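A.B. asks: I need the structure of the sequence given here:
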Amino acid sequence: MASAYLHRFFFVALLLSEVCGNRVGDSGKYPLVVSTWPFVEAVRAAWTAVDNGLSAVDAVVEGCSACEELRCDGTVGPGGSPDENGETTIDALVMDGVTMEVGAVAAMKYVKDGIKAARLVMQHTLHTLLVGEPASAFAISMGLPGPTNLSSPESINKWTKWKESLCQPNFRKNVLSVDSCGPYHPKDTANTCAQANPVGTIESSPSQVGLHSHDTIAMAVIDKMGFLAVGTSTNGATFKIPGRVGDGPIAGSSAYADNDVGACGATGDGDVMMRFLPCYQVVESMRQGMEPKLAAENAILRIAQKYPDFVGAVFAVNKEGEHAGACHGWTFQYSVRSVEMDEVEIFTVRPSTVSMFTK
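C.D. replies: Predicted coordinates:
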């Protein structure tokens, strides 16, 4: 396959650089694992894999799988974030920074192993993204366990209380309903254009996104060969409209990797963030010479200029292993394990301000 050829090409190039005295592995910078949030056990799992010689792609899958099994914050893996119908669905992505191949699944029911399903898409299809029940059927046909009920007593209890609260808050706008929980019908929006904000910012209702209502594990790994990969997994926004797909399985939004430059992972209000492809922006800014801190801040503040109320964060890591984060609307933490560390370390990032942004 083309991906195998590309990996062999990079391996030969690495051997040639070793002959010239520039072997990447001798720098002491690799391997490296970076992840959104204090998902320490997930980072440990990825670190164990990559430190034992597994590839960056395989280490990312191990790390995100650990988070799915642990149901990190209730927002990763099965058993969390019910939609309006009370169902839990999975979004996940994996990207190889060497070949630029991507595998992803979205709105996947009945299969709990999101990141493994994403890797199967990358390994065994020419597609990038599979969605819904056909994604579930594909994953099961390729050997993953299923069909499985992804709900849990906790998610059903959360959904029941939401229904008792007249289905508030929710993600609907400009609608009327027979009762507070629908069915919904469009409201007259004929005057919407005339009322557009001339300043250029978008007025929005208070964000439904919070630390425990919607979150994503986004992880980047640099392996011992200096190869990069990223992965994500999430069960999406709590009480989302059925069929909603957020930024989790979208390359360039939730995560992005290019072996020539570096990588990025994101978390937050995916419906807003995916409109800006912040992780693609981060990597391209680093390609143009920005250090990770400035690249991360630049990407976040581009969004904040248009959506001042949005909540989100990114981490950036360049191919040298330098890392940083930026956030807006909340305090963000990300986790790191490197060869210089005896254990996973957590870095705290304070919110950026729009006034810091320069065009």
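A.B. asks: where does the prediction get shaky in the chain?
C.D. replies: Within the chain, the stretches with pLDDT under 70 are 1-28, 189-214, 352-359.
A.B. asks: one more time with 80, if that's ok
C.D. replies: Low-confidence segments of the chain (pLDDT under 80): 1-28, 74, 188-215, 352-359.
A.B. asks: do a quick rundown of the helices in it.
C.D. replies: Using DSSP state H, the helices of the chain run over residues 2-19, 40-51, 56-70, 114-124, 132-141, 153-164, 270-273, 278-287, 292-306.
A.B. asks: now these as TSV including distance to Glu87 and mean neighbour count?
C.D. replies: (C-beta placed from N, C-alpha, C; glycine too.) Formatted as TSV, the helices of the chain follow (distance: least, CB to CB, whole Å; neighbours: other CB atoms under 10 Å):
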stretch	distance to Glu87	mean neighbour count
helix 2-19	34	12
helix 40-51	24	23
helix 56-70	17	26
helix 114-124	15	25
helix 132-141	11	18
helix 153-164	9	14
helix 270-273	18	24
helix 278-287	28	25
helix 292-306	29	22
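A.B. asks: just send those helices back as JSON lines, with distance to Ala324 too.
C.D. replies: As requested, those are exported to JSON lines (distance: least, CB to CB, whole Å):
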{"stretch": "helix 2-19", "distance to Ala324": "26"}
{"stretch": "helix 40-51", "distance to Ala324": "17"}
{"stretch": "helix 56-70", "distance to Ala324": "20"}
{"stretch": "helix 114-124", "distance to Ala324": "25"}
{"stretch": "helix 132-141", "distance to Ala324": "34"}
{"stretch": "helix 153-164", "distance to Ala324": "34"}
{"stretch": "helix 270-273", "distance to Ala324": "18"}
{"stretch": "helix 278-287", "distance to Ala324": "10"}
{"stretch": "helix 292-306", "distance to Ala324": "4"}
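A.B. asks: Gly321: which of the ones you listed is closest?
C.D. replies: helix 292-306 (9.9 Å; CB to CB).
A.B. asks: how near is the most centrally placed residue in the chain to Asp91?
C.D. replies: Centroid check for the chain by CA atoms, centre = their mean gives Ser254 as the closest residue, at 3.6 Å. Using CB to CB, to the nearest Å, one gets 8 Å for the distance from Ser254 to Asp91.
A.B. asks: okay, and the common contacts of the two?
C.D. replies: Counting by CB atoms under 8 Å, 6 or more residues apart in numbering, the contacts common to Ser254 and Asp91 are Thr232, Thr234, Gly246, Gly248.
A.B. asks: surely the third one is in contact with Ile90?
C.D. replies: The one in question is Gly246. No: applying CB atoms under 8 Å as the test, Gly246 and Ile90 come out as separate, 11.4 Å apart.
A.B. asks: what is in contact with the two at once?
C.D. replies: If you check Gly246 and Ile90 against CB under 8 Å, 6+ apart, the residues they both contact are Thr234.
A.B. asks: okay, those two: which has more neighbours?
C.D. replies: Using other CB atoms under 10 Å as the criterion, Gly246 and Ile90 rank with Ile90 on top: 32 against 25.
A.B. asks: how about the residue lying closest to the more buried one once chain neighbours are set aside, what does it touch?
C.D. replies: Distances taken as CB to CB, 6 or more residues apart in numbering place Gly114 nearest to Ile90, at 3.9 Å, with adjacent residues excluded. By CB under 8 Å, 6+ apart, the residues touching Gly114 are Cys64, Glu68, Gly77, Ile90, Asp91, Ala92, Val105, Met108, Ser233, Thr234.
A.B. asks: farthest-separated two in these?
C.D. replies: So, these by CB to CB: farthest apart are Cys64 and Met108, at 14.0 Å.
A.B. asks: on the strand side of things, show who Leu228 bridges to.
C.D. replies: Ile222 (DSSP bridges).
A.B. asks: make 30 the starting number, not 1.
C.D. replies: Sure, I'll start counting at 30 from here, so that last one is Leu257.
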